[in-house]
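Student: How does the following fold in three dimensions:
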Amino acid sequence: MAKAIWNGVILAESDNCQIVEGNFYFPPETINKQYFQTSDTHTTCGWKGVASYYTISVNGQQNKDAAWYYPETKEKAKNIQGYIAFWKGVKVES
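Tutor: I've put the predicted structure just below:
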């Protein structure tokens, strides 16, 4: 069971993560949505597509763009379409 934790709170928990390039991608239904705020940030990966971001907000603290996902992926990344990954100090335990 993988868990994503930041600021003492479990952001996501799943035993159905996809691991791509060393990152755990959590199924969208496994995140605790109350901690996620949509961001205007977007980046592009050559083989995955355009990523969108979430800012994490826990106990009055914000971690800008600490989670990302691909709403629409290129063909080779269909297994992570809509799945959420973390960085910027979010700890993933497996």
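
Student: mind listing what the nearest residue to Gln61 once chain neighbours are set aside touches?
Tutor: Closest residue to Gln61 apart from its sequence neighbours, by C-beta to C-beta, 6 or more residues apart in numbering: Asn7 at 5.7 Å. Using the backbone N, CA and C atoms, a C-beta is placed for each residue, glycine as well. Contact analysis of Asn7 by C-beta atoms under 8 Å, 6 or more residues apart in numbering lists 56, 58-59, 61, 63.

Student: go again using 6 Å as the cut-off
Tutor: Residues near Asn7 by C-beta atoms under 6 Å, 6 or more residues apart in numbering: 58-59, 61.

Student: Pick the one among the residues you listed closest to Phe24.
Tutor: Nearest to Phe24 among the contacts of Asn7 is Val58, at 18.7 Å by C-beta to C-beta.

Student: Which phi and psi values does His74 adopt?
Tutor: To be clear, residue 74 is Lys; His isn't right here. Main-chain torsions, Lys74, degrees, to the nearest 10: phi -70, psi 170.

Student: now it, nearest residue through space, not along the chain?
Tutor: With C-beta to C-beta, 6+ apart as the criterion, Lys74 has its nearest non-adjacent residue at 4.8 Å, and that residue is Gly49.

Student: Quick check, that neighbour in contact with Pro71.
Tutor: No: contact between Gly49 and Pro71 fails when scored by C-beta atoms under 6 Å: they sit 8.4 Å apart.

Student: the more surrounded of these two?
Tutor: A direct count of neighbours by other C-beta atoms under 10 Å for Gly49 and Pro71 places Gly49 higher, at 17 against 11.

Student: So in terms of bridging, what pairs with the more buried one?
Tutor: Beta-bridge pairing for Gly49 (DSSP bridges): Cys45, Thr73.

Student: What of the one 5 residues further on?
Tutor: The residues listed as beta-bridge partners of Tyr54 by DSSP bridges are Thr38, Ala67.

Student: coming back round to it: any chance of the contacts of Asn7 in CSV, plus pLDDT and distance to Ala12?
Tutor: Shown next, in CSV, are those (pLDDT from 0 to 100; distance: C-beta to C-beta, whole Å):
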residue, pLDDT, distance to Ala12
Val58, 97, 13
Asn59, 93, 17
Gln61, 97, 18
